[in-house]
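**Student:** sequence unknown, structure follows:
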């Protein structure tokens, strides 16, 4: 388990002090795939680097299995780091070493003997599906293959935690999917806790069971991925959904023509009932459908519908009450915006 | 025809000894300067602020030392280290004695090139190695040196070529070698054919060194 308590990090820059992280509190249970999503400059990269102390935190504590990482000396830190694998956006393979030698690297520095290394590297090449590339050099590999080697290398010394720093940001959509699938497999089969930071919504939606949204050095929302994305509360979370096109984008629509715009979210429990139709029948409100779509988080679907309610004030009041009584989540869209 | 034969005959008699002297001076000073220059360059690079072995004071001292040695004109340096040459090889002038100033001039040169090679490594690679629990010694010997090696080879090639031209200068004050031949026989002795032949040989040596250096470099990059 990773427990982050009151973690802060500030730099002194030319322009003065920069507070990259402000009092972060976060708990990541074993076996999770925990996504930390944020725009560039939000502090997510600093946060993940604090976990294995590639960045030194200014204050706060990070406990990994009860041990405070911030209090370790160099030697203890190095042995802890062997249990925490890390992969990067630009793969960072050793260019002058073959795949085999790259994967063997963490084992070499941990002092394993040759035959153990040989056996382990073969296992890992099998795991990431690159047996035929054993003696290839990084320059002969595609981006996806490089990341697979990097994953094998990160796990070589029996890591229990895998930190992913924008691991799919330099890859095309198909390759991203295959790398995410690999990460998911590693998580379920080897029970490795995965912490990943990203600015890509689809990464989090695809594999993370938990997510934290980070903005300006602070965590603004955290919880189950499905809950966070189906019912976004914070502006940054909504921005992400908007950027991905799964949030109602009403640009170009003359809002003055509407009376009461609602954004309704249908979750599983009410996705199968004709609630809108029932509402119309029982309240006589008129409904104009503006837009709608369905998206999914880790295979769980949820729908969004934007409607306009028309009628006199009492009718609208009744309609809203009806929706509330049926446990539908909705929010009013501000017409003045 | 017989005149041409005479020229070649003369060159074959004159050339071999200074040629071997040049090779001897350049080779030994290259070996020594690389031996001392590589560690110096690495330490200078990694002791810099924010690198893996930050030592600000040491870094400043090394930088000053390298800059001073590099800013001295070679001809002055040569004379200035006479006492040191005497101490090390027992002589102040001569081919062997010239190795001392050549080495001293080349060490900071190698150091700067190696420092550059180390610093141009992507920080990501070093960070990745750190994340695996690599200590400083392992980082230097298993990551930095092997990864920077092709670039260091380029630097060594450049150093050898510089040493060839410096060795010609050393020749002028009693170091022997091809430079000495060109000056004494060619320039002062009005034997233009010797002068031209020496220059051609020097050009050929430089070409050969550069070619070998490039070949090794290319083979190292994959």
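**Tutor:** The structure has been received and is ready for your questions. What you see is a predicted model; the values in this text were computed from it and never measured.
**Student:** how about the residues of the stretch 101-250 of chain A near chain B?
**Tutor:** Taking CB under 8 Å from any CB of the partner chain as the test, the list of the stretch 101-250 of chain A residues beside chain B reads A:105-106, A:108-110, A:137, A:139-140, A:150, A:153-154, A:157, A:163. For glycine as for every other residue, the C-beta is placed from the backbone atoms N, C-alpha and C.
**Student:** any quick PyMOL command for the buried ones out of those?
**Tutor:** Here is the PyMOL command that selects only those of those that count as buried (16 or more other CB atoms under 10 Å in any protein chain shown):
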select buried, chain A and resi 105+106+108+109+110+137+150+153+154+157+163
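**Student:** out of the residues of the stretch 101-250 of chain A next to chain B, flag the one nearest to residue A:36.
**Tutor:** residue A:163 (10.3 Å; CB to CB).
**Student:** my guess is the closest one meets residue A:85, correct?
**Tutor:** Yes - the pair residue A:163 and residue A:85 passes the contact test of CB atoms under 8 Å, sitting 7.0 Å apart.
**Student:** what residues do these two have in common as contacts?
**Tutor:** Common contacts of residue A:163 and residue A:85 (CB atoms under 8 Å, 6 or more residues apart in numbering or on different chains): residue B:131.
**Student:** would you format the residues of the stretch 101-250 of chain A next to chain B as a markdown table with pLDDT and secondary structure included?
**Tutor:** A markdown table is the format used below for these (pLDDT from 0 to 100; DSSP: H, G, I helix; E, B strand; the rest coil):
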| residue | pLDDT | secondary structure |
| --- | --- | --- |
| A:105 | 98 | helix |
| A:106 | 97 | helix |
| A:108 | 96 | helix |
| A:109 | 95 | helix |
| A:110 | 94 | coil |
| A:137 | 96 | coil |
| A:139 | 95 | helix |
| A:140 | 96 | helix |
| A:150 | 98 | helix |
| A:153 | 97 | helix |
| A:154 | 97 | helix |
| A:157 | 93 | coil |
| A:163 | 98 | strand |
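**Student:** what helix or strand is residue A:94 on?
**Tutor:** Per DSSP states H and E, residue A:94 falls between elements, in no helix or strand.
**Student:** and the gap between it and chain B?
**Tutor:** In this view, residue A:94 and chain B are 6 Å apart by CB to the nearest CB, to the nearest Å.
**Student:** nearest residue to that residue other than its sequence neighbours?
**Tutor:** residue A:102 (5.5 Å; CB to CB, 6 or more residues apart in numbering or on different chains).
**Student:** can you pull the contacts of the one you found?
**Tutor:** Residues counted as contacts of residue A:102 (CB under 8 Å, 6+ apart) are A:93, A:94, A:138, A:149, A:150, A:153.
**Student:** in what helix or strand does residue 178 lie?
**Tutor:** Using chain A. Using DSSP H and E, the element containing residue A:178 is helix A:173-190.
**Student:** I was thinking of chain B, sorry if that wasn't clear
**Tutor:** Secondary structure (DSSP H and E) places residue B:178 in helix B:177-181.
**Student:** buried stuff in the helix holding residue A:178?
**Tutor:** Per 16+ other CB under 10 Å, helix A:173-190 contains these buried residues: A:175, A:176, A:177, A:179, A:180, A:182, A:183, A:184, A:186, A:187.
**Student:** can you name the two of the residues you listed that are farthest apart?
**Tutor:** Longest span within the buried residues of helix A:173-190, CB to CB: A:175 and A:187, 18.6 Å.
**Student:** what about residue A:172, how many residues nearby?
**Tutor:** Applying other CB atoms under 10 Å in any protein chain shown, we find 11 residues neighbouring residue A:172.
**Student:** pull the contacting residues for it.
**Tutor:** By CB under 8 Å, 6+ apart, the contact list for residue A:172 reads residue A:143.
**Student:** find me the pLDDT at it, would you?
**Tutor:** Looking at residue A:172, its pLDDT stands at 95.
**Student:** distance of it relative to residue A:129?
**Tutor:** Going from residue A:172 to residue A:129 by CB to CB, to the nearest Å gives 18 Å.
**Student:** check which helix or strand covers the residue most central in space within chain B.
**Tutor:** Nearest to the mean C-alpha position of chain B, counting by CA atoms, centre = their mean, stands residue B:159 at 3.4 Å. In this assignment (DSSP H and E), residue B:159 forms part of helix B:145-170.
**Student:** ok, that helix near chain A or not?
**Tutor:** Yes - applying CB under 8 Å from any CB, one finds helix B:145-170 in contact with chain A at B:146, B:147, B:149, B:150.
**Student:** low-confidence ranges in the stretch 151-300 of chain A?
**Tutor:** The stretch 151-300 of chain A contains residues with pLDDT under 70 at A:244-252.
**Student:** for residue 69, the count of nearby residues, please.
**Tutor:** Using chain A. Neighbourhood size, residue A:69 [other CB under 10 Å]: 21.
**Student:** could you do chain B instead?
**Tutor:** Quick note: residue B:69 (other CB under 10 Å) scores 16 neighbours.
**Student:** could you report the neighbour count for residue A:292?
**Tutor:** Around residue A:292 there are 13 other residues, counting by other CB under 10 Å.
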